[in-house]
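**Q** Below is the sequence, then the predicted model.
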Amino acid sequence: MNSNEKQDARDATVERVVTAWLAETERHDRTAAERARAGWRDGSLSGRAAEDLATWVTARVTDTAFNADEGPRVDAPVRITPGDKDTVHRWLRDHGHPV
């Protein structure tokens, strides 16, 4: 995989996770979701939205590599691996947000 393909894969991961985060946020706080969605579209997430995303993705890791006997099964609308979490955190840092 060349560097462009790696960047595309990272961007796709971030897009998938942000889409799920915005959908869940909208179910709980429509106004916050609208503000975050506008910031995402404009490429300027607020500090608060970035903090919420970082916390959300950490809490939503669903693929922990445990088998059924070792750990809980997490049912969720989107599969989030520890690597996905790291990718989102790295993306946030690359965009100037402390994580």
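**A** Looks like it came in fine.

**Q** For this protein, give the helix that spans the most residues.
**A** helix 3-28 (DSSP state H).

**Q** which strands and helices sit next to that helix?
**A** Applying 3 or more Cβ pairs under 8 Å, 6 or more residues apart in numbering; DSSP states H and E, one finds that helix 3-28 contacts helix 30-42, helix 47-59, helix 82-94. Placement of C-beta: from N, CA and C, glycine included.

**Q** of all those, which lies closest to Met1?
**A** helix 82-94 (14.3 Å; Cβ to Cβ).

**Q** Tell me which residue lies nearest the centroid of the chain.
**A** For the chain, the residue nearest the mean C-alpha position is Val17 (3.8 Å; Cα atoms, centre = their mean).

**Q** From what I see, that residue and Asp86 are in contact.
**A** No. Applying Cβ atoms under 8 Å, one finds Val17 not in contact with Asp86, separated by 11.2 Å.

**Q** Show me which positions of the least confident helix or strand in the chain by mean pLDDT end up buried.
**A** Sorting the helices and strands of the chain by mean pLDDT, DSSP states H and E puts helix 3-28 at the bottom, at a mean of 92. When burial is assessed from 16 or more other Cβ atoms under 10 Å, helix 3-28 yields the following buried residues: 10, 13-14, 17-18, 20-22, 24-25.
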